[in-house]
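Visitor: Pasting the sequence and the predicted coordinates here, then a few questions.
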There are 2 protein chains.
Amino acid sequence: MAIGVFDSGVGGLTVFKSIANCFPTLDIFYLGDTARVPYGIRSKDTIIKYSIECAQYLCNHYNIEALIIACNSASSCAIEALKEKFKIPVIGVIKPGIRAALKTTKNKKILIIGTQATVNSNAYLHGIKEIDPSIQIFQKACPLFVPIVEEGLYNHPVATLMIKEYLEDFISKNIDTIILGCTHYPLLKNQIKEIFTNINIVDSSIAIIEDIEKLKINFNNSGKRLIHITDYSQSFENLKNTLVGQIPYKIISISE
Amino acid sequence: MAIGVFDSGVGGLTVFKSIANCFPTLDIFYLGDTARVPYGIRSKDTIIKYSIECAQYLCNHYNIEALIIACNSASSCAIEALKEKFKIPVIGVIKPGIRAALKTTKNKKILIIGTQATVNSNAYLHGIKEIDPSIQIFQKACPLFVPIVEEGLYNHPVATLMIKEYLEDFISKNIDTIILGCTHYPLLKNQIKEIFTNINIVDSSIAIIEDIEKLKINFNNSGKRLIHITDYSQSFENLKNTLVGQIPYKIISISE
């Protein structure tokens, strides 16, 4: 028995790492759809199709007890479709992020940043409003953040320039909490803090742990981990090594 | 009868536009694989698979007399596979770019810029060396240029910053010719000229016209044009309107 974790690419390894650290004996199989990354620039229908194919691969090849969507774009657009199709618990990153943000905010002003698909879906906005309609919500799509992180440029001036470009207008809004609504964005956390000096940053790769703890699954496996990718690139390998070190990977095909 | 033109996404519309302007009565069907853009970060095998699927769609749906690969990554990696599989003339952007660069250079120092896939393939380098081994060749992958253009940020300071980052080291090399080895890059031409003030820029979307003129096809059709995309996004529509105006498009599926 094991859990399956998937993402459009390498960003979800921030979630994988967090889960792997918290549950050392849990078997975890990760799939990054690097042949079709990024998802966040695509339509909802395409994200649903790709997400089902990722989940199907993990279910076909492993004895998966739960499925973790380590991608905000896929969580926003495809969680309902995945829950309907696969008869195991499916956990996305949106609900944990919302819960953590609501616990964190004092002045009820929250900024959500994510891909175009995540922002367009309004998944965070609707989820927050359902729980507390009095929260003031700001949203901003930051489409260049994913390629900046995928290219390993998160410490480069280009990261600072684009953080300013996308987020500067929000500095005067007295926002006290920002949700990193994309699993690539934790790599930009320090640079975001330089601009928003007094802000709480919610990282759903940490918030999701509570949801996994509550799962009725067998956490005592052999601690096996394997990363699957649908295409190889040097930047995948660099980012994988930075994020999770020497965990093995294999290249697979999921769409024929 | 008509010609088919394909690209990983919207960048190839620079080539489409150039062909459409030169051959007003030619029927041209364009396919941009926007559900899987960008190709330039992917492996050779994946680029070949995707390119064959694009070409197959155009051949299945239209009476195509010739196939134009309006994408340097696909031209570099997949032209041989496409020539083998499809029994019509296949023209890529590499050879026209090489021919134009060799005509242009005086001091025999050429810089090739492109995606990681194009640079890794060494298609330009080998092609130039075959014709003139005395040419001194420099190559640089510029992976952030495609997302910058796709997001419509080609006039934004981020374009200038990344042009400096990728190309500044080459200013002192006394290069007289630069090949824009990616169909997105013509949108960055003016910004590149600001850094390389005395350089000749080779744009294969213009160089390819000579190759098309030589084709033994019927150029007198009704001048019909249709753009096919595999996924919709607002940034596609913005960039399409900027590049080619009101030409109609439809959304199709090519991988099942």
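Guide: Right, received. Where do you want to start?
Visitor: Ends of stretch A:164-179, what's the gap?
Guide: Length of stretch A:164-179, first residue to last, CA to CA, to the nearest Å: 17 Å.
Visitor: Surely A:I113 is in contact with A:C182?
Guide: Yes - if you go by CB atoms under 8 Å, A:I113 and A:C182 touch, sitting 7.3 Å apart. Where C-beta positions appear, they are placed from N, C-alpha and C, glycine not excepted.
Visitor: Neighbour count for those two, which is higher?
Guide: Under the neighbour definition other CB atoms under 10 Å in any protein chain shown, A:I113 and A:C182 were set side by side, and A:C182 has more, 31 against 26.
Visitor: Helix, strand, or coil at A:N241?
Guide: With DSSP: H, G, I helix; E, B strand; the rest coil as the basis, A:N241 sits in helix.
Visitor: Alongside chain B, which residues does the stretch 101-250 of chain A contribute?
Guide: A:116, A:143-144, A:147-148, A:150-151, A:153, A:156-158, A:161-162, A:165, A:230-235 (CB under 8 Å from any CB of the partner chain).
Visitor: Tally up the residues packed near the residue of the stretch 101-250 of chain A found nearest chain B, please.
Guide: Of all residues in the stretch 101-250 of chain A, A:P147 sits closest to chain B, at 4.1 Å by CB to the nearest CB. Counted with other CB under 10 Å, the neighbours of A:P147 add up to 26.
Visitor: Ok, A:Q234 next?
Guide: 11.
Visitor: how about the strands in chain A?
Guide: With DSSP state E as the criterion, chain A has strands at A:2-7, A:28-32, A:64-69, A:90-91, A:109-114, A:136-141, A:177-181, A:200-203, A:225-229, A:249-251.
Visitor: Quick one, which of the ones you listed gets closest to A:Y39.
Guide: Set against A:Y39 and scored by CB to CB, these come closest in strand A:2-7, at 8.4 Å.
Visitor: Report all helices and strands that the closest one contacts.
Guide: Judged by 3 or more CB pairs under 8 Å, 6 or more residues apart in numbering or on different chains; DSSP states H and E, strand A:2-7 is in contact with helix A:13-22, strand A:28-32, helix A:44-61, strand A:64-69.
Visitor: I figured A:F138 hits A:K109, correct?
Guide: Yes - assessed by CB under 8 Å, A:F138 is found in contact with A:K109 at 7.4 Å.
Visitor: Mutual contacts of those two, please.
Guide: Common neighbours of A:F138 and A:K109 (criterion: CB atoms under 8 Å, 6 or more residues apart in numbering or on different chains): A:K173, A:I175.
Visitor: Return the residues in contact with the residue of the stretch 101-250 of chain A closest to chain B.
Guide: With CB under 8 Å, 6+ apart, A:P147 has these contacts: A:P38, B:P143, B:L144, B:P147.
Visitor: follow-up on the earlier one: overlap in contacts of A:I113 and A:C182?
Guide: Joint contacts of A:I113 and A:C182 (CB under 8 Å, 6+ apart) are A:C142, A:F145.
Visitor: Where do the helices of the stretch 151-256 of chain A begin and end?
Guide: Here the stretch 151-256 of chain A has its helices, by DSSP state H, counting those that start in this stretch, at A:157-167, A:189-195, A:204-213, A:234-244.
Visitor: Turn these into a markdown table, columns for distance to B:I3 and mean pLDDT.
Guide: As requested, those are exported to a markdown table (distance: least, CB to CB, whole Å; pLDDT from 0 to 100):
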| stretch | distance to B:I3 | mean pLDDT |
| --- | --- | --- |
| helix A:157-167 | 38 | 97 |
| helix A:189-195 | 47 | 94 |
| helix A:204-213 | 48 | 93 |
| helix A:234-244 | 35 | 93 |
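Visitor: Nearest to A:K49, out of those?
Guide: Here helix A:234-244 is closest among those (CB to CB), at 22.2 Å.
Visitor: sorry, back to before: make a PyMOL selection of the buried ones in the residues of the stretch 101-250 of chain A next to chain B.
Guide: Entered in PyMOL, the line below selects the buried ones among those, by 16 or more other CB atoms under 10 Å in any protein chain shown:
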select buried, chain A and resi 116+143+144+147+148+150+151+153+156+158+161+162+230+231+232+233+235
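Visitor: Quick check: which ranges of chain A have low pLDDT?
Guide: Residue ranges of chain A with pLDDT under 70: A:256.
Visitor: burial count for the spatially closest residue to A:G223 that is not a sequence neighbour?
Guide: Among residues not flanking A:G223 along the chain, A:T25 sits closest, at 4.8 Å (CB to CB, 6 or more residues apart in numbering or on different chains). Neighbour count for A:T25, taken as other CB under 10 Å: 11.
Visitor: Test my guess that A:T25 contacts A:N220.
Guide: Yes - using CB under 8 Å, A:T25 is in contact with A:N220, at 5.0 Å.
Visitor: Can you spell out the domain ranges of chain A, please?
Guide: What the record gives for chain A is the domain set A:2-92+A:207-251, A:94-204, from the TED database.
Visitor: Let's have those domains in a markdown table, adding distance to B:D203.
Guide: Formatted as a markdown table, these follow (distance: least, CB to CB, whole Å):
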| stretch | distance to B:D203 |
| --- | --- |
| domain A:2-92+A:207-251 | 25 |
| domain A:94-204 | 23 |
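Visitor: among these, which is nearest B:S134?
Guide: That would be domain A:2-92+A:207-251 among the domains of chain A, by CB to CB, at 30.8 Å.
Visitor: residues contacting the nearest residue to A:C142 once chain neighbours are set aside?
Guide: Nearest residue to A:C142, sequence neighbours excluded (CB to CB, 6+ apart): A:Y166, at 4.5 Å. Taking CB under 8 Å, 6+ apart, we find A:Y166 in contact with A:I113, A:K140, A:C142, A:L144, A:F145.
Visitor: what does stretch A:114-130 contact?
Guide: For stretch A:114-130, the surrounding residues in contact (CB under 8 Å, 6+ apart) are A:38-44, A:47, A:72-73, A:75-77, A:94-95, A:97-98, A:101-102, A:110, A:112, A:135, A:137, A:139-143, A:146, A:179, A:181-182, A:185, B:233-235.
Visitor: Buried subset of those, written for ChimeraX?
Guide: This is the ChimeraX syntax for the buried subset of these, where burial follows 16+ other CB under 10 Å:
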select /A:38,39,40,41,42,43,47,72,73,75,76,77,94,95,97,98,101,102,110,112,135,137,139,141,142,143,146,179,181,182,185 /B:233,235
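Visitor: where's A:Q136 relative to B:A101, distance?
Guide: Distance, A:Q136 to B:A101, using CB to CB, to the nearest Å: 56 Å.
Visitor: same thing with A:K214?
Guide: Distance from A:K214 to B:A101, by CB to CB: 62 Å.
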